[in-house]
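*Asks:* Provided below are the primary sequence and the corresponding predicted coordinates.
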Amino acid sequence: MTDVVDPSSFAPRLTTTDLAGTVPDLLAAPPVRWGVLGAGDIAASFSAGVRERTASSVVAVGSRDLARAEAFTRAHAPGARTHGSYADLVADDEVDVVYVATPHSHHLEHALLAIRAGKHVLVEKPLTRSAREAAVVVEAARAAGVFCMEAMWTRFLPHVAALRSVIARGEIGEVVTVAADFDVLFAYDPEHRLFAPELAGGALLDLGVYPVAFAHDLLGAPSSITAAGTRAATGVDDHVAMILRYDSGAHAVLRTSSRSPGAAAATITGTRGRIEIPRQFLTPTGFRVVRADGSTAAFESPAGEGKAYEAAEVARRVAAGHVQSPRMTWQDTLEVMAILDEARRQVGVVYPGE
Ligand SMILES: NC(=O)c1ccc[n+]([C@@H]2O[C@H](COP(=O)([O-])OP(=O)(O)OC[C@H]3O[C@@H](n4cnc5c(N)ncnc54)[C@H](OP(=O)(O)O)[C@@H]3O)[C@@H](O)[C@H]2O)c1
């Protein structure tokens, strides 16, 4: 993959040359040896992304149950070593980076397990249940001198690199509004991670983290947050709207829900135009630029498993000896978590043991 930008997808004012360098070459990232902690659904797609699109490999898989690690390895990481406990996985000398793919409730414990074993770590989103817990992980990574990042994969996708370049070049003027939603219809099941308080369920942490992190990427930390929402029978939030206000006068209008099917659309409105993402803004997708003079341009992401982009970023940073990525810093995570904390407080959701 040397050129992931399709020249034919651009109108005259938005050219491949203009975007050259904004979309990194996946295979140019150096190889690292991944250890997968938790053999669940997202670990499978992450492993596919690493295997199919990067120079790195999943060399070990750890599960609470050795048979599950073996089944996962056969299906998604052929040739990887298997471990019947997370402790054995993080002690594996041939693992460079641990990918924590367990429920939110366990990210703190499992990230600390890996960090204290001296491993670099990529932790599924959200980094932890709260900003307070996130700070504990950050301090542990800082003290150990290891790389640590929340797996906010959207930030590393080609269309996000491309739209940030469009904005940086002033194509839509000053950004004044970011609107984004992520609604997914889940059948109500009190034991599913979306609804179980003991797994830190709820739409906000599971789904809402995406529109919040997207707005934060473009506008930074807000000056105030207003949230309204409803709770499922288990007590976790299932339908939330948020307005974030910024000192500049900009605002973000964000929604998330686990009880309605949405398009996951996003619109970034500026003083001279807008960028429309009609569907799945958080995954590899396309967007349209509509300028105030009526002219338009379009971008479409290349096909393929999008988790590969965050994996390649981790590989680049680890090889360079960095402990953070500039595209998803510790401060970014702490600020996103603080927004989620405040929205959750206003909706009245408290997790067991918080
Ligand atoms: N980036 C994305 O697009 C995306 C999409 C979906 C989910 N996620 C995130 O990925 C994480 C995992 O989600 P998932 O959909 O992969 O969940 P999942 O299929 O339920 O897998 C989670 C895994 O965590 C391990 N685990 C450890 N303690 C557990 C416990 N008490 N209960 C249940 N599982 C436990 C299990 O692995 P073992 O049994 O092998 O130990 C389980 O297979 C969450 O943070 C979620 O927000 C990210």
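*Replies:* Yes, it's here. Numbering: from 1, shown residues only.

*Asks:* and this structure, which residues reach the ligand?
*Replies:* Contacts of the chain with the ligand, taken as C-beta under 6 Å from any ligand atom, map to 38-43, 63-65, 68, 101-104, 106, 124-125, 151, 153, 193, 206. The way it works is simple: take the backbone N, C-alpha and C, and place the C-beta from them, glycine included.

*Asks:* Which of those residues fall in strands?
*Replies:* In strands, judged by DSSP state E, none of the residues of the chain next to the ligand are found.

*Asks:* what's the least confident helix or strand in this protein, going by average pLDDT?
*Replies:* Counting by mean pLDDT, DSSP states H and E, the weakest-scoring helix or strand in the chain turns out to be helix 16-19, with a mean of 49.

*Asks:* in the stretch 1-150 of the chain, which spans are helices?
*Replies:* 16-19, 41-53, 66-76, 86-90, 107-116, 131-144 (DSSP state H, counting those that start in this stretch).

*Asks:* So among the residues of the chain next to the ligand, which ones count as buried?
*Replies:* 38-39, 42-43, 63, 68, 101-104, 106, 124-125, 151, 153, 193, 206 (16 or more other C-beta atoms under 10 Å).

*Asks:* now the helices: where do they sit in the stretch 251-354 of the chain?
*Replies:* Using DSSP H, counting those that start in this stretch, the helices found in the stretch 251-354 of the chain span residues 307-320, 330-347.

*Asks:* Among the ones you listed, show me which one is buried the most.
*Replies:* Burial of the helices of the stretch 251-354 of the chain is given as mean neighbour count (mean count of other C-beta atoms under 10 Å); helix 307-320 ranks first at a mean of 23.

*Asks:* If you count contacts, what does that helix end up packed against?
*Replies:* Using 3 or more C-beta pairs under 8 Å, 6 or more residues apart in numbering; DSSP states H and E, the elements in contact with helix 307-320 are helix 41-53, strand 97-100, strand 120-123, strand 148-150.

*Asks:* May I have the strands that pair with the last one, each with its orientation?
*Replies:* Taking DSSP bridges as the criterion, strand 148-150 forms sheet pairs with strand 120-123 (parallel).

*Asks:* any idea how far the ligand is from Gly235?
*Replies:* 18 Å (C-beta to the nearest ligand atom, to the nearest Å).

*Asks:* Surely that residue touches Phe195?
*Replies:* No. Gly235 lies out of contact with Phe195 (C-beta atoms under 8 Å); the separation is 9.2 Å.

*Asks:* out of the two, which sits in the busier spot?
*Replies:* Higher neighbour count among Gly235 and Phe195: Phe195, with 23 against 17, using other C-beta atoms under 10 Å.
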